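Colleague: Below are the sequence and a predicted model; questions follow.
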There are 4 protein chains.
Amino acid sequence: MTVSESESDEPGGSGTTSAVPRGSGGVALTDAAREVFAERGYHGASIRDVAKRAGLSLSALYYWHSGKQELLAALLEDGVNDYFRTCESALRTTEADPASRLCALVRATVDYRVRRRVDSTIAAQEFRNLEQPHAQRLVTLRESATRLWQDIIDEGVRDDVFRCAYPRDARRAIQAACNAIAQWYAPDGDVEPGELAERYVSIALRIVDRAPQVHDRRKASAPPRGSTADPAP
Amino acid sequence: MTVSESESDEPGGSGTTSAVPRGSGGVALTDAAREVFAERGYHGASIRDVAKRAGLSLSALYYWHSGKQELLAALLEDGVNDYFRTCESALRTTEADPASRLCALVRATVDYRVRRRVDSTIAAQEFRNLEQPHAQRLVTLRESATRLWQDIIDEGVRDDVFRCAYPRDARRAIQAACNAIAQWYAPDGDVEPGELAERYVSIALRIVDRAPQVHDRRKASAPPRGSTADPAP
Amino acid sequence: MTVSESESDEPGGSGTTSAVPRGSGGVALTDAAREVFAERGYHGASIRDVAKRAGLSLSALYYWHSGKQELLAALLEDGVNDYFRTCESALRTTEADPASRLCALVRATVDYRVRRRVDSTIAAQEFRNLEQPHAQRLVTLRESATRLWQDIIDEGVRDDVFRCAYPRDARRAIQAACNAIAQWYAPDGDVEPGELAERYVSIALRIVDRAPQVHDRRKASAPPRGSTADPAP
Amino acid sequence: MTVSESESDEPGGSGTTSAVPRGSGGVALTDAAREVFAERGYHGASIRDVAKRAGLSLSALYYWHSGKQELLAALLEDGVNDYFRTCESALRTTEADPASRLCALVRATVDYRVRRRVDSTIAAQEFRNLEQPHAQRLVTLRESATRLWQDIIDEGVRDDVFRCAYPRDARRAIQAACNAIAQWYAPDGDVEPGELAERYVSIALRIVDRAPQVHDRRKASAPPRGSTADPAP
DNA sequence: TATGAATGAGAATTCATTCAT
DNA sequence: CATGAATGAATTCTCATTCAT
């Protein structure tokens, strides 16, 4: 079963055991697992707590899921799928040049990290606790995400549009910066997700040291610079 | 007690129960704890495993330490102290200008992440599991580290030597990039720690968008640009 | 309810969930219970497995039967009834002398152990797990079976046709030997049930040490010796 | 660890939680396991009950043994070893002729079934519940016991001293009869173990249909016939 | 007739910790 | 300095059973 139905990533209401309607136990449980895993970590969390948080019995958890491990796997897998969908959608609607594609990827990633902040944190912290049928699949997906970033950067370097000497380190730095957002972003803070994305687009472009563009003044590449309100040109 | 005596950060030999010499149980145990916590996470690790790995009995663990929590605290605290010593030492021997200071901090951080890779990972993952006497102290230390970075960047921005529009995001990006090193760096890989530091110095300077320097062509700022073999000046 | 409709004793096809026809759930379930109880023992078996094996839902099991215990009772009771019918039928069609009656009982028992091998094993192993309404009834039946054997042997001893000094031990030995057949008999093995019965008739007669018969050279006593291909007379 | 120290096979005192002396938990637990497994069967017994019966905590059980399965294995293995020792000792001190050897084996087996009645029952009922490292070893031992019986009988048949037509069925009958003793023998009953053994020796000799002996009226073969007080020669 | 959803009790096992020696 | 023995609380998970539909 997939857990993608539950869009809300936030551990809403923390403890709201609002009488789960019959038949919807599966979602209630993954939602609860998300909260509890995020709060205490996979090994620190007990499925008793998960069931309690979901307002169901421990046995109901085993009716819907095959165990603690599967609960984690469902969470992570659903997250990764959502992330890939987000990236693909962003890349599909952008120019073909490396800079535009890099910007699109940054925007998609920031969007995802903000929108599914909790899942992002869980993924970052608890990935290691995945056991074997699931682990392999997700490792592969994770690698293909890395490849997505790297290919774009390498292409930019080849085309002389990015001037970084160490493309792998550039990629790592950009990814690390974007991923870290989930750790500090406060949904009720003062910065809008869209605005935040543009700031990180700007950072990413600086990391790859994009060459100043004489031509190519089209939509994708221009906004970041402009919208981030850099003090002076 | 402090555990700083054990410099070696690597889980060397993994399982080497080489007859702990009388009296050195304390270090053997923190070393073992480091390995086991790193491998399985704080909650995933059992102190039985720690004792076994150290080649001692469970009771010996309780002779030397007051419990599992204290073992974690000792590890993290020792790590943070080492980090601060490293940073202070680096800042003490550098110029007073923001760029030089930022570079020094990056070098110190990269050095630490590489030198104490395992402790860095544990700190990143298990900090949340610290309970109250210890937690507060370390949170404070952690905040003062953040302040260290932020002050330098803010000063650079004020002096117009850094041109980034969002200094806090710049700081976060730099820290995230440096911290992530512990997650991927392979000690027997192909890049030297010193060389790696220069690459990250370069990345950091790009993130803060350092203004091109007309004068001031002294040691600290020049190397990164040069050594990273950027295609064109 | 009785389960005697299902003649086939073999756990045929093990796992054949062949679309239970409407209304025949009861038999499908006792058949499945037979297989599962035989494979894993009463306490080792779960009624979930029984229902699954029967190709029905757990709830269906509770529609047809009142629980796990009743399932076991139905199985055992049906077996005992079959056994008694078999014995009575055999005794009804034989001579009145102890030797003939003993032979008839052996034949009936061997026939039953071979024909309902699985039920025989379950009876031997799981009888102890019967709880109270059922247990008493079956204990009584079991005792009356013992009485059946003992009476015949005692009569033979009284009439000097059996010469065993310890009739109870003789009875126990004969019963044990016959019962054990269920544990090793392979339905697709090389010995026919009828042939096997004659071998055990021969063994039983030796155990009771039947006196050599001058007259009475009729069917029952002759075959074993002859048909068993004794090397030399 | 072995459990052979505890010679007493009887579930003595059933529930006597007589303050286990420190350090002797291992034996107390196997003794308790013997009782509980015998009473309720392996799957029907809970290790909670075992620990309670032993007068120890559940955790102590895991200190001494690695689990429920190991407890069963220890019990069965110790029993089999004792049985083999008993058989070997009996065969070592007897004549070389098949009849004497068969008698010795019967005596050893009856002795064992009476002396370790409970272990015998457990072995008969719970053998199937042994899981893999242990199962294989014990299956092998069990087969070699069967071989012991069969070899003797086959030799007797070859030497024309036993006249049974179906040596394998004879062996099965004898073994079944002897094994069954554990199921009905009451230690405080009216028959002495030695006496019982002679009765079964007599039964066994009749099952293999030993040829009447003209010469050879020595110790080993004579007693059974004589001591069982057969009515008349 | 049948089922999908749910439950409470209890299963085996592991944990951090303590105590007597 | 160190250990072997023991514990109570908690863990994940399975069980037989029931209820609403």
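Modeller: Structure's in. What do you need?
Colleague: Which residues of chain A lie near DNA strand E?
Modeller: A:20, A:22-25, A:56-60, A:62-64 (Cβ under 7 Å from any atom of the strand). From N, CA and C alone the C-beta is placed, and that goes for glycine too.
Colleague: Who are the contact partners of A:A19?
Modeller: For A:A19, the contact set (Cβ atoms under 8 Å, 6 or more residues apart in numbering or on different chains) comprises A:G55.
Colleague: Tell me the buried residues in stretch A:79-90?
Modeller: For stretch A:79-90, the neighbour count (16 or more other Cβ atoms under 10 Å in any protein chain shown) marks A:G79, A:V80, A:D82, A:Y83, A:F84, A:T86, A:C87, A:A90 as buried.
Colleague: separation between the fifth one and D:P193?
Modeller: So the one you mean is A:F84. The gap separating A:F84 from D:P193 is 76 Å, by Cβ to Cβ, to the nearest Å.
Colleague: next one: the second one
Modeller: Distance of A:V80 to D:P193, given as Cβ to Cβ: 71 Å.
Colleague: Flag the shaky bits of chain A, pLDDT-wise.
Modeller: Within chain A, the ranges that satisfy pLDDT under 70 run A:1-18, A:213-233.
Colleague: residue ranges of the helices in it, please?
Modeller: Secondary structure of chain A by DSSP state H: the helices cover A:25-40, A:47-54, A:58-64, A:68-92, A:98-115, A:117-126, A:132-158, A:167-184, A:193-207, A:222-227.
Colleague: want to try CSV for those, with distance to B:K52 as columns?
Modeller: Output for those, formatted as CSV (distance: least, Cβ to Cβ, whole Å):
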stretch, distance to B:K52
helix A:25-40, 26
helix A:47-54, 27
helix A:58-64, 32
helix A:68-92, 25
helix A:98-115, 39
helix A:117-126, 25
helix A:132-158, 24
helix A:167-184, 34
helix A:193-207, 45
helix A:222-227, 54
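Colleague: so which of those helices comes closest to D:S46?
Modeller: helix A:58-64 (19.2 Å; Cβ to Cβ).
Colleague: buried sites along that closest one?
Modeller: A:A60, A:L61, A:W64.
Colleague: Tell me the one of these nearest chain D?
Modeller: Proximity of the buried residues of helix A:58-64 to chain D (Cβ to the nearest Cβ) peaks at A:L61, which lies at 23.3 Å.
Colleague: Farthest-apart pair in the residues of chain A next to DNA strand E, please.
Modeller: Maximum distance among these (Cβ to Cβ): 18.4 Å, for A:G23 and A:L58.
Colleague: hmm, stretch A:164-183 in reach of chain B?
Modeller: Yes: Stretch A:164-183 is in contact with chain B by Cβ under 8 Å from any Cβ of the partner chain, via A:C164, A:A165, A:Y166, A:D169, A:A170, A:R172, A:A173, A:Q175, A:A176, A:A177, A:N179, A:A180.
Colleague: Which one of those is nearest to B:R101?
Modeller: Closest to B:R101, out of all of those and judged by Cβ to Cβ, is A:A173, at 19.9 Å.
Colleague: Which residue comes closest to the closest one once chain neighbours are left out?
Modeller: Among residues not flanking A:A173 along the chain, B:A177 sits closest, at 3.8 Å (Cβ to Cβ, 6 or more residues apart in numbering or on different chains).
Colleague: I'd like to know how far that neighbour sits from D:P98.
Modeller: Note on B:A177: its distance to D:P98, by Cβ to Cβ, is 87 Å.
Colleague: before we move on, what about A:L141?
Modeller: From A:L141 to D:P98 the distance is 72 Å (Cβ to Cβ).
Colleague: just A:A74 next, same as before
Modeller: Going from A:A74 to D:P98 by Cβ to Cβ gives 68 Å.
Colleague: now A:C178
Modeller: For A:C178, the distance to D:P98 - Cβ to Cβ - is 86 Å.
Colleague: Between the two, which is the more surrounded one?
Modeller: A:C178 (25 against 21; other Cβ atoms under 10 Å in any protein chain shown).
Colleague: which residues does the more buried one contact?
Modeller: Neighbour list for A:C178: A:V106, A:T109, A:V110, A:R113, A:Y200, A:A204 [criterion: Cβ under 8 Å, 6+ apart].
Colleague: Any chance of CSV for those residues, columns distance to chain D?
Modeller: Formatted as CSV, those follow (distance: Cβ to the nearest Cβ, whole Å):
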residue, distance to chain D
A:V106, 53
A:T109, 47
A:V110, 50
A:R113, 44
A:Y200, 52
A:A204, 54
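Colleague: List the contacts of A:F162.
Modeller: Contacts here follow Cβ under 8 Å, 6+ apart; on that basis A:F162 touches A:P98, A:A99, A:I153, A:G156, A:A170, A:V208, A:D209, A:R210, A:A211.
Colleague: Most neighbours among those, please name it.
Modeller: Neighbour counts for the contacts of A:F162, by other Cβ under 10 Å, peak at A:A170, which reaches 27 neighbours.
Colleague: and that residue, how far is that from C:V191?
Modeller: Taking Cβ to Cβ as the measure, A:A170 falls 80 Å from C:V191.
Colleague: Count the residues that sit near A:H134.
Modeller: Neighbours of A:H134 under the rule other Cβ under 10 Å: 16.
Colleague: That one and A:A73 touch, don't they?
Modeller: Yes: under the criterion of Cβ atoms under 8 Å, A:H134 makes contact with A:A73 at 3.9 Å.
Colleague: okay, now the domains of chain A?
Modeller: Chain A breaks down by automatic domain parsing into domains covering A:1-65, A:70-227.
Colleague: Is DNA strand F within reach of the first one?
Modeller: In other words, domain A:1-65. Yes: applying Cβ under 7 Å from any atom of the strand, one finds domain A:1-65 touching DNA strand F at A:A45, A:S46, A:I47, A:R48, A:D49, A:L58, A:S59, A:Y62.
Colleague: could you list every residue that touches A:A182?
Modeller: Contacts for A:A182 (Cβ under 8 Å, 6+ apart) come out as A:R113, A:V114, A:R117, A:V118, A:S120, A:T121, A:A124.
Colleague: hang on, the earlier thing: which one of the contacts of A:F162 is nearest to chain B?
Modeller: Lowest distance from chain B to those (Cβ to the nearest Cβ) belongs to A:D209, with 5.9 Å.
Colleague: got the contact list for that closest one?
Modeller: Here A:D209 is in contact with A:F162, A:R163, A:C164, B:R206, B:D230 (criterion: Cβ under 8 Å, 6+ apart).
Colleague: and what of A:V157?
Modeller: A:R163, A:C164, A:P167, A:V208 are the contacts of A:V157 under Cβ under 8 Å, 6+ apart.
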